[in-house]
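>>> Predicted model and sequence follow; I will ask about them next.
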Amino acid sequence: MNIVRHKVAWENGSFINSIRIAIANMRVDEENALNSLRNSPNRSRDRLEKLNVLLNGICSERCHLAVLPEISVPHAWLRWLSWVAAQRELGIVVGLEHNVKDGVALNHIATLLPFRHRGRYKTCYVSIRLKRHYAPAELSEIEGCCLLAPSPPQQPLQPYDLFMWRGCSFTVFNC
């Protein structure tokens, strides 16, 4: 298997002895998913506030890493999410809603890992990769909107990412 290592350094070697991971139990609204496929994502204030409440709850539990469902957040909120990750020092793995480009529905997974630059500036490492294997039901929804799914990757396969962050190593195979 082809693997690319991403070492996200945390100044002064701040390792986590026991990592706390939050697996978000949030409803992925089918209408929001379809709206993204129609190139009209729901970016309402109400939806953003619900996501913010969820992230506040995760932080109040002193979690280090949050895992959100596939197609749960609009692409347009990625910059805001990376700011949240940096400011709250919370790692986030999130499935972004479909992004339609030239008639192709792209399903991306984002990994956001905060760190301190020069010991004091809060910032965030962002890795985005395209989903490789689409489920039959997802392909049916994409085709139902007169769109195409990306072609399966050709050999050699795109590498998988191995993240090394705060003393933990992990990869994201699926959201």
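In hand now; what should we look at?
>>> Just give the strands next to the least confident helix or strand in the chain by mean pLDDT in its sheet, each with its orientation.
Ranked by mean pLDDT, DSSP states H and E, the weakest helix or strand in the chain is strand 3-8, scoring a mean of 84. Partners of strand 3-8 in the sheet, by DSSP bridges, are strand 160-165 (parallel).
>>> mind listing what's buried in stretch 92-109?
92-100, 105-109 (16 or more other CB atoms under 10 Å). Every residue, glycine included, has its C-beta placed from N, CA and C.
>>> In this structure, mark out all the helices, start to finish.
30-37, 45-60, 78-88, 136-144 (DSSP state H).
>>> To residue 23, which of these lies closest?
helix 45-60 (9.9 Å; CB to CB).
>>> could you check the angle helix 78-88 makes with that closest one?
Counting by axes from the mean of the first three to the mean of the last three CA atoms, to 10 degrees, helix 45-60 lies at 30 degrees to helix 78-88.
>>> any residues touching the least confident helix or strand of the chain, and which ones?
Under the contact criterion CB atoms under 8 Å, 6 or more residues apart in numbering, strand 3-8 has outside partners 113, 115, 125, 127, 159-166, 171.
>>> From these, which shows the smallest pLDDT?
Minimum pLDDT for these is recorded at residue 159 (81).
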